[in-house]
Structures are given as C-alpha cells and as structure tokens.
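# Turn this into a structure:
(3 chains)
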Amino acid sequence: MNSSGKKTNYLNASHTLSSWFLTVDHKRIAILYLITISIFFFIGGLFAALIRLELLTPAGDLFKSDEYNKLFTLHGIVMIFFFLIPSVPAVLGNFLIPIMIGAKDLAFPRINLLSWYIYVIGATLATLAIMVGGVDTGWTFYTPYSTVYSNGAVALTIVGAFITGFSSILTGLNFLVTIHKMRAPGMTWFRLPLFVWAHYATSLIMVLATPVLASALFLLFLERVFHIGIFNPALGGDPVLFQHLFWFYSHPAVYIMILPSMGVMSELFAAFSRKRIFGYEFVACSSLAIAILGFFVWGHHMFVSGQSMYAGMVFSVLSFLVAIPSAVKAFNWSATLYKGSISYETPMLYAFGFIGLFTIGGLTGLFLSTMAVDVHVHDTYFVVAHFHYIMVGGVLMGYLGGLHYWWPKITGRLYPEAWAKLSALLVFVGFNLTFFPQFLLGYMGMPRRYHMYPEEFQVLNVCSSLGASVLGIGYFLPLVYFLWSLKFGKESPANPWGAKGLEWEIQSPPTTHNFDEIPVVTEEAYAYAKEDGKHHG
Amino acid sequence: MAKTSDKKSPLQHHFVHLNQQYDASQMGMWAFLITEILFFGALFTAYIVYRLMYPAAFGAASSHLDITLGAFNTAVLIASSLTMALAVHAGHTGSTRGIIKNLIWTIVLGSVFLGVKAIEYSHKFHEHLVPGPSFSFPLYPGAGSELFFSLYFAMTGLHAFHMVIGIIGLFILIGMAAKGRFNQEYSTPVEMMGLYWHFVDIVWIFLFPLLYLVLRHH
Amino acid sequence: MKIPFSPEQASTIAGSIDAIYLYIVAVTIFFTALIYGLVAVFAVQYRRKSPDEVPGAIHGHNGLEITWTVIPLIISMTMFIWGTVVFFHYARPPKDAQEIFVVGKQWMWKIQHPSGKREINELHVPINKPVRLKMTSEDVLHSFYIPAFRVKMDVIPGRYSSLWFEATRLGSYHLFCTEYCGTQHSGMIGKVHVLSQEDYQKWLETGSAANTPVPVSGQELFKTLNCATCHNSGSGALGPNLNGIYGKPVQLADGSTVTADDKYIRRSILKPADQVVAGYAALMPSYQGQVNEEQIMQLIEYIKGLKETSAPAPASATEV
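Residues are numbered from 1 along each chain as shown, chains lettered A, B, ... in the order given. Down below sits the predicted model:
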C-alpha cells in the first residue's frame, strides 16, 4: 500500500472507497469480481464439505433430509451461477482482454461496472434466500416440484438467478463489441491470443443462451408466485417444456464455464513451452465450433424424459460431434509441447492437471451421449462425476492456473512458488480421489441427490469424502499465500515468465489506462522463435 | 486522470476516435437486441407448443380479446415508430428542437398505448380472465384457455415493461438534448434509442396477430 | 459375466449395455493414456535446459489435424450407432409384453398387476417374460430405475411413460427413484423381485379373493360414475359409443383426427372440452378430482377391452 517513490499503477492511483465502488477501470472491476466470487466459492465449498460429511455414512445421521436437499441445491446454485459462470471471464477476461488486444478499456466501461452491481444484487438476493430458509429444488428448478410442492424460498432464488443472468449477458456483450471494435492497429483476428478467441466464443453463448434461461425463470416465477399454470400439468401445462427451455441455456452454460479455461490453457501451454500453440487456427476455430454445436445438444439431458427416440437420436449424434473440437484442442496442446522448452512453474502444473482431468471429463461425456448407456447412468453419480471433472477438474484448474500465471501482473507481487506447487499437487490428487470413485458409484447405480444410500455404496463414498478433505486443503492454501503475497511477496518485474503477449509488455501492475500509447502489433501471437520462414513440423 | 480536458467532447477516453465509438455503440445495441429476441423467443416457443396442444381453447380465448383496441394500439405504436424515426433524423441534421419535439410525440404515443393496454387489462380483471384461482372462462372451460391468458399476460406484460423502460429512456434523452449534448456529429444515444424503440414495436407486430388474429376463425 | 463396479446383469438388455460401456471404457483408457503419455514424454524430454532457451517455431501440420479430427469422429460414430441400435430396441416394447401399472407419488411407488393385485415399493415380476410398466405420477416428476436391469424412465404427471424389460435372473434388486422429487427422495426406493413364472402365478393368487382385475375395476367405475348414461350405443346417445374405439382414429369437431390412445382417453376424462368428437355437443363435465390416476388407468383398461361386438347396452355388461 505504501506507494511512495513508486510508479503509479491502477491499484495506487487513488485510494478512496468511491474510487473502487464507482470505478470504470476494467482492472479494478476485475478485482471487485475476484473478491466477490472468491467469497461465493468458499460458501459453495462449505456446502460441498457438509454434503461429503453427510455421505460418509449410509444413514442420514448428520442432517435431516430437507436440510441435505437444501445443501446440494445451494451448492449447485452458488457454484454455478455465482462462481463458475463469472469465474474466468469476469476476473481474468475482464482484466486481460482489453490489454491483450491493445485497448485502454472495454468498449462500455460503465456497463461493465453495472454488470458487477447486477451480479452483486442477484447474489445478495440468493444469499437472502439462503438465510430465510433456503431452497430445496436442485439447481435445475424442475417443475412442478419447484412451483407447486417445494416449501423453500424458491421465488427469491429464481429472482436472484434471473438478475445474475443479466450480468452475464452484459459482460458477454461488452466482450463481443470490445473484441470486434477495440483491437489495436495490426491486431488481426488470427493474431489474437487464443484466450481472446475463447472469450469471443464464450461471449456468443452468454449473449444468445442466457436470455432463454431468463425467460424460463420468468415464467417459472409467474407460476410459483401467482399460482397460474404454465408448466404445471395439473393446470394443463407441460413440465418437459421447462426442461427444454432450461437446458437450452444450461447445456451451453457448461461451455460458458469451460471455454474461458481452455483459453487460459492455450496461454499457459504457449508460455511455459515457449512455443506458438500448435495448429493455432484449429484451436481458435474449435472454440467457435464448440460454441455453435453446443446450442444443439441440450436434448441429451432428456433421453429418459419420454422425448421421441428420433429426437434423442439427433441430440445424441450432435453430442458426439461437439466432443470432436475438444479432442482437437487436447491434441494440439500436447503437440505444442513437442520440441518446446518446458518449465514446470505452478501455472504449468495446473495446465498438466487440466489436460488430464479434462480428457477424462470429456471422454466420460461419450458415455452420456450414447443413449443406451445414458439410460443406465442418467441421474446417477456417474453424471455427477462427469460434470465435476469438467467443471472442477476443467474450469477450476484453468481458473487457478490463470490466477497464478497473471497474479504478478494483477498485483505486482510474486506468490511463493513452493507452496503453490504443493497446492497444485494437492488439488490434483484430492480431486481424483474425490470424483473418480463417483464414476464407479454411478455405474453401480447410486442415484444423485440421495441423502441416504444402501450400504454397499459406503466404501466408495468414504473414499470420495477423504479425497474431498485433501481437495479442500488444496483450495484453501492459495487463499492464504495469495493474501500473504500481497504484503510479503517479492515485487514482480513486468514479465516474470519471459512470456509473449501485450500484457507482459506493460508494467506490473499496469497503469489505469494500460497503454500510454496504443501499441501497433506487427507479429502473430506467441512469436517466441524468430520467424525463419514457415516451419512445418 | 479520467476527466477529459474538454468536458464537452462526447469522445470517451478509451476510444481512439468518434467513429470507433459509434461503431461500438451500434454493435452493442444490435447484440443487445439479439438477446432480447431470444428472451421473447422462449415465450413465443411456449406459445407455439401450447397452441398446438390446445388449438380449440386457444381459438376460443383468442376470439375473446378486444380486436378493436388491439388494432388501435397497433396503429398507435406504428405511429410512434414514425415519430421516433423523425427524432433520429433530427439528430442527424443536428436539430435539437426536432429531437425534443419528436421524442415528446413518441412519449405521448407510447403512453397512449400503455393506457389502452391498461384498459384492456382492467376488462380482463372484471371478466375474471386473469389466471389464478379466480379465473373463469365459461365459453371454454378447461386448462387451455387459462394457459392462453397466462401467456397473454406474460407476453404483453413483458412487452409493456419494455415500453416503460423505453419511455424512461426517452425522458432521459430529452434531458440530454435540452442540455445541448447532441449535434450533427454526435447523436448516437438518440439513434440507439431508436433501434430499441423499433424493436419493441416489432415485438408487438408479432404479438398482435399471434394473440388477437390468427386463431379467430368462424 | 459380472464386471467389477457394476450391478448384476439381470435383464436381457443389461449385457448389451455393459458391452457398449466396456467399449467406451476401453476408448477412454486408450485416449487418456495417449494424452497423458504424450504430455509426460514431451514434458520430460523437452524440459527447459537453460533459462534463455528458445525452441524453433512449429506452426502446425494439416495432416495431423485431419488425423485427430477424423479418427475420433469415426470412433464416436461407432459408439453412436451401437448405442442407438440398442436404445431403439429398448425403446420399443414387444407386443406381447405383460402390462403392470405404476403410479409414483411423494414418496412411494404404487403398483398394480393386471389381476388387480397391488403392492407398494415392491415389484414382483416373472422371469423370462417381457414386462411393460405403464407409469404416471400423481404429483411431481419421478424416475423409475432398476440398476440391475439397466433401465430407467421418467415418470411424469399428466403423461404415460413406459418402460419394459425381461428379467433373466432370479433374485431381489434395487428400485430407485432417480428424479429428485422432494424431501424423502432418497427414501423412495424399493425392491424388484424376480420370481419363476410358477412362483409369480402363485404370488398373484395369494389373497386373490380381495383382488379385482384391473378392467373389472374400470368397469365398476364406469358404472358408479354413470358413464353409460351418455356413452352407450343407443341411437340417441349423448356421447360417442366407446365400443371398439381403442386404437382407432377419432374425428374431432374441429376437423382434426386423433388416435384413441391412452393419452386421448385420459384427457377426455379430465378435460373433455379440449377434444370434442365430431357430431357431439361438448356436454361432458370434467372428472378431474373425482378419479385418481390409478382409477383412470383402470377405466382405460376397461375401455380398451370393449369390443365392437360387445353388448350394446354397457349397463348390462356385468360380465365382460
């Protein structure tokens, strides 16, 4: 905090409270997001810990059933709407996209601040819902349970999720326009860092899918509050229609979560092997392919809901197709390492972890796309394990990897490397211990959202809970050493990794306007090697 | 630091020139309208699904809407699009007076629309056509008609909400125009508001036939 | 036969689903090993040797890109085709399957066999005989899941869904509700007992005096609700004649045609105004609230059994 004799930067430019809460600087807004989503991450994590504690024994001996149901519902809602969806885009994307494309800010700085306030309002309402009694519908809000039968604070939670959706829409819109209109001279589309490409694809989904969820939640709200029939079968409605509208958003939402982390991965693999990403164009376009195909696979959540088997067939084949661009990415990242100069700093350890966990997460998606197998594993722990491999193994590894990588840029301080390596290891081991047994539980037939379970499932559940405690330590460590580094960490130079990219060419932390003069870009992304003709290996 | 030396200049600090700023605003507005299309799109989807499920009930309920008031409102809204377009044109020619005059007309027409809508709503209240426990539609008992009215209120209500937001925006624009913020080079906010207003009109152009007209057989 | 970490294979379809599962497991292991292996080998072999080392540029290789697009595509299409073939088999119940009626409600499964025998949270089925469950819910969404049979189907209020299986192994197996349905969701479980065909018959007959076969219950309801007042084959009948109607097309007043299936009959009982038969006035009152889901199923079974040649005046048809 003592900035005497130091260069001014965006952090020490002003110190008043209003300079933070009314800031339009994308970097300060990123910090605001960082703090708020971290709070929600640990709230959601606490719920997860309690769930795993309860599942140590087959009998429901720690919580009552309705309390347990509230725990898993809140875990899902908090983690998805208030942590995972904003995580990489709102913190790292917000901070980095303008810098990476050579702009002074996002296209609409005030709307960016507005997004944060909308997020805070939505999150506050949801927190209020937790305090006035919680909600027990599952994060999926399926009707008619959510609208007619549940006694929880459903309406308030729906309003919270609805409002937060607009934060996501506005962020996506801001990114889209920024990437289209704010690129520095010479920053052509195929010179963009892949992080930016990934966020471009993400923004498309945010803008196109989120309003449909908003609409579905709006109708759900009307049904719940005014007791009218929109989805309620007793009043002539169709509960499966809600599922269609819900998954039209919520399946692409998975890509809202994972694509930005894939973008982080591309940056990490390039920086720590000092190589351009192998098949750059293919990796860039695969993000778009995922975003586009991702809109047409929602029906694979409804293979056993009685939808026509021909509809199921179409959704099944499209679900297989969406796996291909993800495979392309994984292969290209591995090939990037070939003949590289690879170092093993913490962010790269997260990248190694990511590629492994994401591969398993992605491949287990094939079981669920295969209709015959999905009939058996649908709504079992197999599904729980699969999406945690994507959303925790994938998204969170990407988020943590990125946070470590850009921490020196964001704060101007270096984090303690040894501790960070330890936490990366704990996260990887703990994660696999927690979630791998759940694949087995799922195939054995243990349904999800079960407060009590038959005894034969206990051994694997105990494994899972033990793993979760290791995972918990792994997540708690960074909180400690990141905070520690703010005061005691070594000061970081502008480019501690020797990495390429406009963000490493400006001081750490950057000034309020990023660039004194808009840079002119003359080379492609990740131009580590001096260009010696076209090398095709 | 953030304050620009020339307070009057509409160019924000992070843009290089006005053209870039204008392009960004325009693209932003279009992207926003696309999200709006999807927002209404889910409601239209629900409408289509239930109409296929309950064609007869939807027909009976639809025939019960007041086509005269609906048609009148459609005309009013189209007229308001005209005055909005004139305001945008006045912005291009730099006529602050023209902007204010036409925006006031747009507000008047928009308010007339909302007034007529309120009359229609109050009729429905008196006739027990508001979905919920007291709903009754003796012409066609059964679930379908209640679903029709649920969607009628959800869709027209959401549309009216967009009108209200629009009218608030128009008032803000009048305030900005009165302070002399617009000139020949810069009237982007008026233009963006124009896009929004036309979009809200177009939504109605879909709502009117779907709710009032297409199921009116006999 | 039994693969580790999987429930017993106790139905005709279990083996084929496990086979696809093992195939995808093999693919998963192969590709996971491939990616992990590549990363590990490269990471060690090309580790940074000096701080200012800069490797040569490699842009990409179109041949490789095509290879790792096309091969996964082909492999995934084999999964798709295999999975779809098995699923289509699963989705089409055999014609001769024996029907059992299931009603889900918070938080129990109510089951009735055609002979009228009822049970709760238990399902007795004969071995080596296709069984089709006709299911609906009284309240919220449920899902009927028997892991050992590898079958699952959502149970949806206001709709009939069906699930079929043919048990191949004697024993008792888990029955779970897998669609979250509220507080006691995890308590909405039961057992499926596979009996030999003789034992099943014997089991059906225990206490058979108290059991009324489902169509007969439907017929009794038909009488107590006075359905025949209008639905008779008399010339001036106020309602359409129901004899032989099941499965046949019905001309509606609005000009459209529907098939008189379970869904249509259910809706005609609960919301008669929605689909009025051509030539009849919309006089029928709704029976919503007067009949429960089980009774509607019984009525449907009764109507199903009405042959065109049945006695003209159903009021006298006491022994159909």
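# which bits of chain B sit near chain C?
Contact residues, chain B versus chain C (C-beta under 8 Å from any C-beta of the partner chain): B:54, B:55, B:56, B:57, B:59, B:140, B:141, B:142, B:143, B:144. The way it works is simple: take the backbone N, C-alpha and C, and place the C-beta from them, glycine included.
# Can you report how many residues neighbour the fifth one?
Okay, so that is residue B:59. Using other C-beta atoms under 10 Å in any protein chain shown, residue B:59 has 21 other residues around it.
# Confirm it sits in a helix?
Yes. The assignment for residue B:59 by DSSP: H, G, I helix; E, B strand; the rest coil puts it in a helix.
# near chain B, which residues of the stretch 201-320 of chain C?
Checking the stretch 201-320 of chain C against chain B by C-beta under 8 Å from any C-beta, the hits are C:253, C:254, C:256, C:271, C:272, C:273, C:274, C:275, C:276, C:286.
# what's the third one in contact with, if anything?
Contacts for residue C:256 were tallied using C-beta atoms under 8 Å, 6 or more residues apart in numbering or on different chains; they are residue B:55.
# roughly how far apart are it and residue C:274?
Separation of residue C:256 from residue C:274 (C-beta to C-beta, to the nearest Å) stands at 12 Å.
# so where is the chain shaky, pLDDT-wise?
All of this refers to chain A. Within chain A, the segments meeting pLDDT under 70 span A:1-6, A:530-537.
# Not quite, go with chain B.
Ranges of chain B meeting pLDDT under 70: B:1-8, B:142, B:215-218.
# Helices of that one, residue ranges please.
B:18-53, B:55-63, B:67-93, B:96-126, B:143-178, B:188-208 (DSSP state H).
# Tell me which of those helices lies nearest to chain A.
Closest to chain A of the helices of chain B is helix B:143-178 (C-beta to the nearest C-beta; 2.3 Å).
# tell me the phi and psi of the closest residue to residue A:226 other than its chain neighbours?
Among residues not flanking residue A:226 along the chain, residue B:132 sits closest, at 5.5 Å (C-beta to C-beta, 6 or more residues apart in numbering or on different chains). Main-chain torsions, residue B:132, degrees, to the nearest 10: phi 140, psi -170.
# for residue B:132, what are its contacts?
Residues near residue B:132 by C-beta under 8 Å, 6+ apart: A:226, A:227, A:228.
# Would you map the strands across chain C?
C:98-105, C:108-112, C:118-120, C:122-126, C:130-137, C:142-146, C:151-155, C:161-166, C:171-177, C:190-195, C:249-251, C:257-259 (DSSP state E).
# So which of these is nearest residue B:83?
Of all the strands of chain C, strand C:257-259 sits nearest to residue B:83, with 49.8 Å by C-beta to C-beta.
# ok and the residue in the stretch 301-450 of chain A nearest chain B?
residue A:307 (12.9 Å).
# Might one say that that residue is in contact with residue A:240?
Yes. Using C-beta atoms under 8 Å, residue A:307 makes contact with residue A:240 at a distance of 7.1 Å.
# What is the burial count for residue A:62?
Residue A:62 has 15 neighbours, counted by other C-beta under 10 Å.
# Phi first, then psi, for the nearest residue to it once chain neighbours are set aside.
Of all residues not flanking residue A:62 in the chain, residue A:54 sits nearest, at 4.6 Å (C-beta to C-beta, 6+ apart). With angles defined as degrees, to the nearest 10, residue A:54 sits at phi -60, psi -40.
# contacting residues around residue A:54?
A:60, A:61, A:62, A:63, A:68, A:71, A:451.
# can you tell if whichever helix or strand residue A:284 is part of touches chain C?
Assessed by DSSP states H and E, residue A:284 sits inside helix A:280-293. Yes. Using C-beta under 8 Å from any C-beta, helix A:280-293 reaches chain C at A:280, A:281, A:282.
# So what's the residue count around the residue of the stretch 301-450 of chain A closest to chain B?
Around residue A:307 there are 17 residues (other C-beta under 10 Å).
# One more: residue C:4?
Neighbour tally, residue C:4, other C-beta under 10 Å: 7.
# same question, residue A:426
18.
# distance of residue A:71 from residue B:56?
Where residue B:56 is concerned, residue A:71 sits at a distance of 46 Å (C-beta to C-beta).
# what do you get for residue B:148?
In terms of C-beta to C-beta, residue B:148 sits 11 Å off from residue B:56.
# Which one's more surrounded, those two?
Set residue B:148 next to residue B:56 and count neighbours by other C-beta under 10 Å: residue B:148 wins out with 29 against 21.
# contacting residues for residue C:136?
The contact partners of residue C:136, by C-beta under 8 Å, 6+ apart, come to C:102, C:103, C:104, C:155, C:156, C:157, C:158, C:159, C:160, C:161, C:293, C:297.
# Kind regards, and thank you for your time.
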